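Engineer: With the sequence up front, the predicted model follows.
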Amino acid sequence: MPSHRHASLAYAEGYVAEDDVLVSARREARRLGIVPVEPGTGAALRLLAATLAARAVVDVGTGAGVSGIYLLRGMRPDGVLTTVDEDTQGSQAARRAFADAGFAASRTRVIGGASGSVLPRLADGGYDMVFCGGPGTDHLAGYEEALRLLRPGGLVAFDGALGQDRVVDPSIRDARTSALRYLHRQVAEDTRLLPALLPTGDGLLCAVKRP
Ligand SMILES: C[S@@+](CC[C@H](N)C(=O)[O-])C[C@H]1O[C@@H](n2cnc3c(N)ncnc32)[C@H](O)[C@@H]1O
């Protein structure tokens, strides 16, 4: 790797500056022991939501609302973010962060519960984008649900896809890393999808559902 590669990646990660609302949501996440999306990943999510002119987005793993704020900032002004988390403290912090960011309560559906029980209740083909920001071990289930939830031309994105740089090391075979490798293969080979693995943050695996 060229000598400045790491510096370039760090530069890219911080390229889009975060405002006070995001800094405060990030601080609250840290206080609650939640790991939010990296700034570069957030900027990518906002970009993707804007490119889709997204009106309906699912955020799996609300955390303290950092990914949700980025998504809402990319969505259409009348768009609704459906965000799911089983942790009530994080969800309360996210509600406050969305209000601080100036979003009306009608723009968010903050649903408490495990993704495995909430996602099956959401409408088939009703969403422009699904962001899976929960644990990598849940991504496979998220992948199956996302294909059902997305409209044709919609996009799914998985955070943490590089598994803290463990995925590229073939000697590492723990369950989480193996599950991520399996997800990579499934998404790459799925003829219904057009994939790309973006090396932002801990890796953002994206795929568009072919129209
Ligand atoms: C990495 S954090 C998400 C951070 C958030 N996307 C952000 O950028 O602020 C992962 C979140 O997933 C939630 N989570 C983990 N397993 C879950 C499950 N099975 N169903 C719903 N939420 C889950 C955790 O409570 C945690 O808040």
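Structural biologist: Perfect, thanks for sending it.

Engineer: anything in stretch 166-178 near the ligand?
Structural biologist: No - Stretch 166-178 is not in contact with the ligand by CB under 6 Å from any ligand atom; minimum separation 12.6 Å. For the C-beta atoms, the positions are set from N, CA and C on the backbone; glycine is no exception.

Engineer: Identify each buried residue in that stretch, please.
Structural biologist: 166, 167, 176, 177 (16 or more other CB atoms under 10 Å).

Engineer: isn't the third one right next to residue 138, touching?
Structural biologist: No - in this structure, residue 176 sits apart from residue 138 without contact. The criterion is CB atoms under 8 Å, and the distance is 10.3 Å.

Engineer: any residues in contact with both of these two?
Structural biologist: Common neighbours of residue 176 and residue 138, counting by CB atoms under 8 Å, 6 or more residues apart in numbering, are absent.

Engineer: gap between the longest helix seen in the chain and the chain center?
Structural biologist: Assignment by DSSP state H gives helix 175-189 as the longest helix of the chain. A distance of 17 Å separates the centroid of the chain from that of helix 175-189, by CA atoms, centre = their mean, to the nearest Å.

Engineer: Could you shift the numbering so residue one becomes 708, and keep it that way?
Structural biologist: Will do, 708 is the new start, and the previous item becomes helix 882-896.

Engineer: Please spell out which residues along that helix are buried.
Structural biologist: Buried residues in helix 882-896, counting neighbours by 16+ other CB under 10 Å, are found at 883, 884, 886, 887, 888, 890, 891, 894.

Engineer: Of those residues, which is the nearest to the ligand?
Structural biologist: Proximity of the buried residues of helix 882-896 to the ligand (CB to the nearest ligand atom) peaks at residue 883, which lies at 12.6 Å.

Engineer: Show the contacting residues for that closest one.
Structural biologist: With CB under 8 Å, 6+ apart, residue 883 has these contacts: 842, 843, 844, 870, 873.

Engineer: swap in residue 872?
Structural biologist: By CB under 8 Å, 6+ apart, no residues touch residue 872.

Engineer: quick one, phi/psi of it?
Structural biologist: Dihedral pair for residue 872: phi 70, psi 20, per degrees, to the nearest 10.

Engineer: Then the one 3 residues further on?
Structural biologist: Phi and psi for residue 875, reported as degrees, to the nearest 10, are phi -80, psi -10.

Engineer: Same question for the one 4 residues further on.
Structural biologist: Note on residue 879: backbone dihedrals following degrees, to the nearest 10 are phi -90, psi 120.

Engineer: what does the protein put close to the ligand?
Structural biologist: 736, 741-744, 768, 770-771, 773-774, 791-794, 797, 821-823, 840-842, 845.

Engineer: let's go with 8 Å and repeat that
Structural biologist: Proximity of the chain to the ligand, by CB under 8 Å from any ligand atom, involves residues 732-733, 736, 741-744, 748-749, 766-775, 777, 791-794, 797, 801, 820-823, 825, 838, 840-842, 845, 866-867.

Engineer: In this protein, which strand is the longest?
Structural biologist: strand 857-866 (DSSP state E).

Engineer: Which positions within it qualify as buried?
Structural biologist: By neighbour count on 16+ other CB under 10 Å, the buried set for strand 857-866 is 857, 858, 861, 862, 863, 864, 865, 866.

Engineer: what are the ranges of the strands in this structure?
Structural biologist: In the chain, the strands defined using DSSP E lie at 763-767, 787-792, 815-819, 834-839, 857-866, 900-905, 911-916.
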